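**Student:** Provided below for reference: sequence and predicted model.
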Amino acid sequence: MTSGTTTSSGPGPSVPVLDDDPFSRSFLADPYPRHERMREAGPVIRLSHYGIWTSARHEQVFAALTDWRAFSSASGVGLADFRKEKPWRVPSLLLEADPPDHTRVREVMTEVLSSRRVRGLREEFAAAAEALVGDLVERGAFDAVRDLAEVFPLRVFPDALGLPEQGRENLMPYGGMAFNGFGPRNDLFHEAMADAARIQEWINEACRRENLAAGGLGQDIWAFADTGRITPEQAAMLVRSLLSAGIDTTVYAIGNALAALAAHPGQWARVHENPALAKLAFEEAIRFESPVQTFFRTTTRPVDLGGVRIGPGEKILLFLGAANRDPRKWINPHTLDVTRRTAGHVGFGTGIHGCVGQQVARLEGDVVLTALARRAATLTPTAAPEPRPNNTLRGFSSAPIRVEKAAVRSR
Amino acid sequence: MREPEFVTVVREKTVVSDGVVGLVLGHAEGTPLPSWRPGAHIDLVLGDGLVRQYSLCGDPADPSAYRLGVLREPDGRGGSSYVHDSLSTGDRILVRGPRNHFELEDAPSYLFVAGGIGITPLLPMIAEVDAGGAGWRLLYGGRTRRSMAFLDVLDRYGDRVLVRPQDEHGLLDLRGFLEEATRDTLVYGCGPEPLLTALEDACGARAREMLRVERFTPREAIHDDRDGMFEVVLAQSGLTLTVGPGQTVLECVEAAGIPVLSSCQEGTCGTCETDVLEGTPDHRDSLLTEDERAEGTTMMICVSRCLGERLVLDL
């Protein structure tokens, strides 16, 4: 059914072993040369530092993501194996579950975030983008992350959910807990968890049914508890899941897109010339500088991947960001090309666990880049972007840029 | 009110004939399964967006088990292959239903016609009709005796059951079989499309009052027959494209140089959803609801086609 996962018998060739720690600050600060070394070493290799399997090639990452039976999510999609150690939080109903438990929850979330519903958000998201971007372009210079990528999603997405205004500064730290939590219990993990109790308490309170605004996505989720498709406990968890998964990711994605486009003036020129390219540019940025770099799976049975025999119950680390730059799949993978056909990238994953919020993410990226494309003739970086290390996410905490206002166009 | 949806456990999996696997499912929580009447079927939700319908062929009076017969079918997305090759006892599987579009109505006598795996919905009907004392006969056809499922179950009914494998008897003599039908006889048929068409012909003018059939044709098979050529007008760019039988709308739009996003290429992710301004889409995706399909204002251009000759898209 899927290539690379047949259960043929017999020994495979000897498996390359590297000793990188993919969650070390040095690796995270400069991942691409390390991705290349892992990718070229073989389709599937061992990382001795954690005693895990890994793949940085598109074909194998794609195959593992689509073969959910052999490559399970229920034992955790971080380094921790939930069969052997207690997870740091209650497992996500969506992310850390397999069918059939996963199926019903996924179907509910697909209905909540249906394309119809997301299209209904376009007007308010676009208005917010126009207002924010308009102000920033008037200033002439701003920080693409601090002033735009961090501000926009924190305004529109909690609004769409029905969250109160106060306390939104807790949202990125909450996502930080989730995404650093997929890694080992290193410094990044402990720093993210330092304030966990207080943040968790705030989130629990803010997501209570009575605190969520009518007509928002949060109440939409709760409506499914009323009909018994999910329990009230599940509804509460799913509202929190939307927040942990839906903020940091888009902040990093928009920041990465702006930083990448500012660093590639020829590409920005094309988007400025034809703003219809904005959503393609966003998609290409997600391939080029994938906000979500990695996820784990756990094998449920002996399985062959890329000709390598992996035993049952083994953790495998899948490098989405590396797969998205695999020269076996992409021509000139290290080049940003806004007209590239990006179908097949795994920046949103793929298969049954593919990001259920991806249409929301695309909407956010589209309206921000479109608003900027109409107003900014050029984007110029005024300082190197400052990386923001995270066990799972790749992105920046700062990306100062200068913009040249576009001449007024007749329509 | 939404129909029941619950997790079951595979209690038994056996080969019942060449190409047919019998499954016994129990409720994962050990509670009684939702009740059903002969003719009912359930959805097996296999993950990956695959959902397959199977008739319940066991005993409606037994709330502890659902029995199914699954034929291995050549199928691009592998639903029945999964059941045959990978599903194991102890596995958990999500079920929806049961629902019934093939209800057993009261009659003084019955004629049952089964082709291949079409025997499955008829088995509980036969059991109930036989227990109730009404007259009945079954004409059961199949490719070869070895491929015909549940012959052992039907043994107890003696000569009321006519087993007629094609390699021994040729095509079924439907007209001969139907000669026994009286004014009040009901004829129940299930099996492949050619059998049902022939059965409808054989019933002639009486088909409407006398004949009840259930079709098992999978959605994919219908679509393959209807891949035609149609025109697509792109409203924004003013281009007109022709989409041939081997092409998708997405491919043609990309080939014309129009920038459009796509991802899964199989109608499951929604990335390529495009507004339809005119024309009736032929929806082949796995995302839109029935209402959305009926509205026809959007479509997934990577898989969906056209029910007429022309679509106007907002591209």
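**Tutor:** Cool, got the structure.
**Student:** switch to C-alpha atoms for all contacts and neighbour counts from now on
**Tutor:** OK.
**Student:** Just the closest residue of the stretch 151-300 of chain A to chain B, please.
**Tutor:** Shortest the stretch 151-300 of chain A-to-chain B distance, computed as Cα to the nearest Cα: residue-wise this is A:Leu280, at 6.5 Å.
**Student:** In terms of helices and strands, where is that residue?
**Tutor:** When elements are assigned from DSSP states H and E, A:Leu280 belongs to helix A:278-288.
**Student:** now what about that helix, what contacts it?
**Tutor:** Residues from elsewhere that reach helix A:278-288, judged by Cα atoms under 8 Å, 6 or more residues apart in numbering or on different chains: A:253-254, A:256-257, A:260, A:271, A:321, A:324-325, A:333-340, A:342, A:345-347, A:362, A:365-366, A:369-370, A:373, B:259-261.
**Student:** out of those residues, which are buried?
**Tutor:** Under a neighbour-count criterion of 16 or more other Cα atoms under 10 Å in any protein chain shown, the subset of the contacts of helix A:278-288 counted as buried comprises A:253-254, A:256-257, A:260, A:271, A:321, A:324-325, A:333, A:336-339, A:342, A:345-347, A:362, A:365-366, A:369-370, A:373, B:259-261.
**Student:** What count of nearby residues applies to B:Glu3?
**Tutor:** Neighbourhood size, B:Glu3 [other Cα atoms under 10 Å in any protein chain shown]: 8.
**Student:** Let me know the secondary structure of it.
**Tutor:** Classification of B:Glu3 by DSSP: H, G, I helix; E, B strand; the rest coil places it in coil.
**Student:** cool, and the one 10 residues further on?
**Tutor:** Three-state assignment for B:Lys13 (three-state DSSP): strand.
**Student:** and what of A:Glu85?
**Tutor:** coil.
**Student:** if I look at it, how far off is chain B?
**Tutor:** Plainly put, A:Glu85 is 24 Å away from chain B if you go by Cα to the nearest Cα, to the nearest Å.
**Student:** Around that residue, count how many other residues there are.
**Tutor:** With neighbours defined by other Cα under 10 Å, the count for A:Glu85 comes to 9.
**Student:** low-scoring stretches of the chain, by residue?
**Tutor:** In the absence of a named chain, this looks at chain A. A:1-13, A:409-411 (pLDDT under 70).
**Student:** actually chain B
**Tutor:** In the predicted model of chain B, residues B:1-2, B:48-49, B:75-77, B:217-226 satisfy pLDDT under 70.
**Student:** Tell me how many other residues crowd A:Glu165.
**Tutor:** 12.
**Student:** before we move on, what about A:Ala245?
**Tutor:** Taking other Cα under 10 Å as the definition, A:Ala245 ends up with a neighbour count of 20.
**Student:** Next: A:Arg146.
**Tutor:** Applying other Cα under 10 Å, we find 17 residues neighbouring A:Arg146.
**Student:** One more: A:Gln219?
**Tutor:** By the criterion of other Cα under 10 Å, A:Gln219 has 23 neighbours.
**Student:** Touching, it and A:Leu212? I think so.
**Tutor:** Yes: between A:Gln219 and A:Leu212 there is a contact at 6.5 Å, judged by Cα atoms under 8 Å.
**Student:** Give the intersection of the neighbour lists for those two.
**Tutor:** By Cα under 8 Å, 6+ apart, A:Gln219 and A:Leu212 have these common neighbours: A:Leu161, A:Gly162.
**Student:** Now whatever residue of the stretch 201-350 of chain A ends up closest to chain B. Nearest residue, chain neighbours left out?
**Tutor:** Per Cα to the nearest Cα, the residue of the stretch 201-350 of chain A with the smallest distance to chain B is A:Ala343, at 4.3 Å. Once its chain neighbours are removed from consideration, A:Ala343 has its nearest residue in B:Ser263; the separation is 4.3 Å (Cα to Cα, 6 or more residues apart in numbering or on different chains).
**Student:** Quick one: the helices in the stretch 151-300 of chain A, in order.
**Tutor:** In chain order, the stretch 151-300 of chain A shows helices spanning A:151-161, A:171-180, A:187-193, A:196-206, A:217-226, A:232-246, A:248-263, A:265-273, A:278-288, with DSSP state H, counting those that start in this stretch as the criterion.
**Student:** Check which helices and strands the shortest one sits against.
**Tutor:** In this structure, helix A:187-193 packs against helix A:171-180, with contacts taken as 3 or more Cα pairs under 8 Å, 6 or more residues apart in numbering or on different chains; DSSP states H and E.
**Student:** what about the helix it packs on, distance to the chain center?
**Tutor:** When C-alpha coordinates are averaged (Cα atoms, centre = their mean, to the nearest Å), helix A:171-180 and its chain have centres 12 Å apart.
**Student:** Alpha carbons only: can I get that helix in CSV?
**Tutor:** What follows is the C-alpha trace of helix A:171-180 in CSV, where atoms were taken according to Å, rounded to 0.1, in the frame of the first residue of the first chain:
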residue,chain,number,x,y,z
LEU,A,171,-0.6,31.6,25.1
MET,A,172,2.9,31.3,23.6
PRO,A,173,4.4,30.0,26.8
TYR,A,174,1.6,27.4,26.8
GLY,A,175,2.5,26.3,23.3
GLY,A,176,6.1,26.4,24.3
MET,A,177,5.4,23.8,27.0
ALA,A,178,3.7,21.5,24.4
PHE,A,179,6.4,21.7,21.8
ASN,A,180,9.4,21.7,24.0
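**Student:** Now do it against helix A:151-161, angle only.
**Tutor:** Taking axes from the mean of the first three to the mean of the last three Cα atoms, to 10 degrees, helix A:171-180 and helix A:151-161 form an angle of 90 degrees between their directions.
**Student:** which residues sit against helix A:171-180?
**Tutor:** So helix A:171-180 is contacted by A:154, A:188-189, A:192-193, A:196, A:199-200, A:243-245, A:247-248, A:390-393 (Cα under 8 Å, 6+ apart).
**Student:** Out of the buried ones among the contacts of helix A:278-288, list just those in strands.
**Tutor:** Among these, no member falls in strands (DSSP state E).
**Student:** Stretch B:292-304 near chain A at all?
**Tutor:** No: judged by Cα under 8 Å from any Cα of the partner chain, stretch B:292-304 stays clear of chain A, getting no closer than 8.9 Å.
**Student:** residues making contact with that stretch?
**Tutor:** When contacts are defined by Cα under 8 Å, 6+ apart, stretch B:292-304 is touched by residues B:248-251, B:262, B:265-267, B:270-277, B:280-285.
**Student:** show me the contacts for A:Pro275.
**Tutor:** With the criterion set at Cα under 8 Å, 6+ apart, A:Pro275 makes contact with A:Leu369, A:Thr370, A:Ala373, A:Arg374.
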